[in-house]
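**Student:** no sequence on hand, only this structure:
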């Protein structure tokens, strides 16, 4: 493995573990038709606002290059740092993770009850 790639992965791992220690994070994984993980949807609460984010791996490729393999740490990193506050405007998410998004949205509203009052007006576009 390339030294720079290893350093990058170590940095990402440290950032994800720090974020997970600071906040209670709800996580659900998107799976493909054969049950392999291909994406992740996260929700966490910060200052009484619920944040949600997603990451989806390109497993199909483009015909020239083969698709990617899902990496749990990289997926969590992208989802955590891509997260937006609920109620802060429309979300644009891939249609393939819509069931997981709806599932964790409901879980987040129940789990973070104090923040749910401020965050129940989110608009999602698929």
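**Tutor:** Arrived safely, thanks for sending. Everything quoted here is computed from the prediction, not taken from an experiment.
**Student:** what about residue 58, neighbour count?
**Tutor:** Other residues within reach of residue 58, judged by other C-beta atoms under 10 Å, total 11. For the C-beta atoms, the positions are set from N, CA and C on the backbone; glycine is no exception.
**Student:** confirm that it sits in a strand.
**Tutor:** No. With DSSP: H, G, I helix; E, B strand; the rest coil as the criterion, residue 58 is coil rather than part of a strand.
**Student:** distance of residue 93 relative to residue 80?
**Tutor:** Using C-beta to C-beta, to the nearest Å, residue 93 is found at 15 Å from residue 80.
**Student:** those two: which is more packed in?
**Tutor:** residue 80 (21 against 18).
**Student:** now the strand ranked longest in the chain: average pLDDT?
**Tutor:** The residue-count maximum for a strand in the chain (DSSP state E) belongs to strand 37-46. Mean pLDDT, strand 37-46: 91.
**Student:** remind me what that strand packs against, helices and strands.
**Tutor:** Using 3 or more C-beta pairs under 8 Å, 6 or more residues apart in numbering; DSSP states H and E, the elements in contact with strand 37-46 are strand 25-31, strand 49-56, helix 72-82, helix 98-111.
**Student:** cool, thanks, signing off.
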